[in-house]
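Participant: got a predicted structure plus its sequence, pasted below:
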Amino acid sequence: MTTPVTAASTVEAAVAELLDRGYDLSVETRIEVHDHKVGAHPITYADQLLVTGPERVPDHLRETIVSDKPLFLAAACILNPPTPWLRGLVACCKTGEKQAGRLITPDVLAANIACFVGLDPVVDAHKIEPVVRAML
């Protein structure tokens with residue numbers, strides 16, 4: 001019996017290949033400022049996936065990245081968290097340490113990352129969670 005290929009397993013394999021070839025994945029962020037009655041509120045989002053390495057990314061990996069960009073952004077968020085709050089959540093999830101009295105589980109981390117990469121944290125967190133678990 002064969003195991004179905006999921007987007008998460010494809011991303012996991014592609015990230016492993018990139019890392020084996022000497023590439024680094026990171027996230028460039030953007031800040032959107034929302035005006036409220038009480039003042040401006042800046043919100044940081046993932047904007048671009050940055051892949052740096054010894055040479056141009058091979059075409060087959062480039063195609064995989066383009067087809068599943070939010071999942072690659074999620075993987076990069078675990079490997080190199082781009083913000084202090086995300087760095088803290090990833091660390092707590094890895095160590096089991098509580099943050100603000102709450103345990104940060106992979107599903108909680110996935111919901112936070114889903115929102116950060118522009119997906120819905122309720123509807124789309126299940127797409128991100130397998131990548132989060134694989135990268136931890």
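Facilitator: Sure thing, it's come through.
Participant: tell me how many other residues crowd residue 73.
Facilitator: Residue 73 sits with 27 neighbouring residues when counted by other C-beta atoms under 10 Å. Where C-beta positions appear, they are placed from N, C-alpha and C, glycine not excepted.
Participant: the strand or helix carrying it: what's the following helix or strand?
Facilitator: Using DSSP states H and E, residue 73 sits within helix 69-79. Counting by DSSP H and E, the next helix or strand C-terminal to helix 69-79 is helix 84-95.
Participant: mind listing the strands in this structure by residue range?
Facilitator: Here the chain has its strands, by DSSP state E, at 24-36, 39-52, 98-99, 102-103.
Participant: re the thing from before, so which other helices or strands are in contact with the helix holding residue 73?
Facilitator: On a contact count with 3 or more C-beta pairs under 8 Å, 6 or more residues apart in numbering; DSSP states H and E, helix 69-79 meets helix 7-20, strand 24-36, strand 39-52, helix 84-95, helix 106-116, helix 125-135.
Participant: what comes up buried for the third one?
Facilitator: Judged by neighbour count using 16 or more other C-beta atoms under 10 Å, the buried positions of strand 39-52 are 46, 47, 49, 51.
Participant: between those, which is nearest residue 124?
Facilitator: For the buried residues of strand 39-52, the closest approach to residue 124 (C-beta to C-beta) belongs to residue 46, at 13.4 Å.
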